[in-house]
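*Asks:* Output the structure for:
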Amino acid sequence: RLHGTKDYWGMAMLLAEVPELHATINLVPSLLTQIQGYTDSGHEDEHLRVSRLPADGLSEDDMRFLLDNFFMVHVDRMIRPHRRYWELYKKRGVSVDSADQARRRFSRHDIIDLQCWSNLAWIHPLAFGRDAELAALKKKGRHFTEKEKQWLLEKQTELLAEVIPLHQQLQKQGQVELTTTPFYHPI
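*Replies:* A predicted model of the protein is given here:
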């Protein structure tokens, strides 16, 4: 889901911007099945499930999962460039405190902001240039609402739904050669 909205969507959009560029892209069948699971069947992973929960409705286990997993990205490329995400990262004290210790430092607003930033960071930069509402949400940067968070997660699913058609269109235009590997071959 996350690599779909950042890497696979972004790669296809970059290619679409430069029609004279040709590429070979390997789309693993298990990836396609997973994308369709999210977009067509409403599948949910643990990160998405916890992202959807109201900030004041997280159980202790959900809060632990959030604080242990919502910073699991490349810090210098995906957290530090975003002021609010960086503030939350420092507040968390990754590798310093346990999630249970850090929990006391997080307000309801911090939790919603973390739920949003952990998903915003996984959207390709071109999406923000293409969608003014998405760009405005990112620019807002903090004090997100539950309604804005749900909208963001729906937008993320919309972007994910574009991944397969984008690649099909690029193949139809002769711009990409799509290859595949056995169903469960690792990336």
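*Asks:* residues in contact with residue 164?
*Replies:* By C-beta atoms under 8 Å, 6 or more residues apart in numbering, the residues touching residue 164 are 32, 35, 36. For every residue, glycine as well, the C-beta is placed using N, CA and C.
*Asks:* Just give me the neighbour total for the first one.
*Replies:* The one in question is residue 32. Other residues within reach of residue 32, judged by other C-beta atoms under 10 Å, total 15.
*Asks:* so what's the backbone phi/psi at it?
*Replies:* phi -60, psi -40 (degrees, to the nearest 10).
*Asks:* which residues does it contact?
*Replies:* If you count contacts by C-beta under 8 Å, 6+ apart, then residue 32 has residue 164 around it.
*Asks:* what about it, distance to residue 102?
*Replies:* From residue 32 over to residue 102 the distance is 37 Å, taken as C-beta to C-beta, to the nearest Å.
*Asks:* any chance of the contacts of residue 164 in CSV, plus distance to residue 163 and pLDDT?
*Replies:* Formatted as CSV, these follow (distance: C-beta to C-beta, whole Å; pLDDT from 0 to 100):
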residue, distance to residue 163, pLDDT
32, 9, 95
35, 6, 97
36, 10, 97
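*Asks:* which sections of this structure are below the confidence cut-off?
*Replies:* Applying pLDDT under 70 to the chain flags residues 185-187.
*Asks:* what ranges do the strands span in it?
*Replies:* Secondary structure of the chain by DSSP state E: the strands cover 23-26, 176-179.
*Asks:* With respect to burial, which of the ones you listed scores highest?
*Replies:* strand 176-179 (a mean of 14; mean count of other C-beta atoms under 10 Å).
*Asks:* From the contact counts, what lies against it?
*Replies:* Strand 176-179 is packed against strand 23-26, helix 146-172, with contacts defined by 3 or more C-beta pairs under 8 Å, 6 or more residues apart in numbering; DSSP states H and E.
*Asks:* In this protein, what residue spans correspond to helices?
*Replies:* Assigned by DSSP state H, the chain shows helices spanning 2-3, 9-17, 29-41, 46-52, 60-69, 83-92, 99-103, 108-120, 125-130, 132-140, 146-172.
*Asks:* Out of the strands of the chain, which is closest to residue 137?
*Replies:* Using C-beta to C-beta as the criterion, the shortest distance between residue 137 and the strands of the chain is 29.1 Å, found for strand 23-26.
*Asks:* Just the C-alpha atoms of the closest one, please, in CSV.
*Replies:* The C-alpha trace of strand 23-26 is given here as CSV (Å, rounded to 0.1, in the frame of the first residue of the first chain):
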residue,chain,number,x,y,z
ALA,A,23,11.8,1.6,-19.0
THR,A,24,11.2,-1.9,-18.0
ILE,A,25,9.2,-2.3,-14.8
ASN,A,26,8.7,-5.6,-13.0
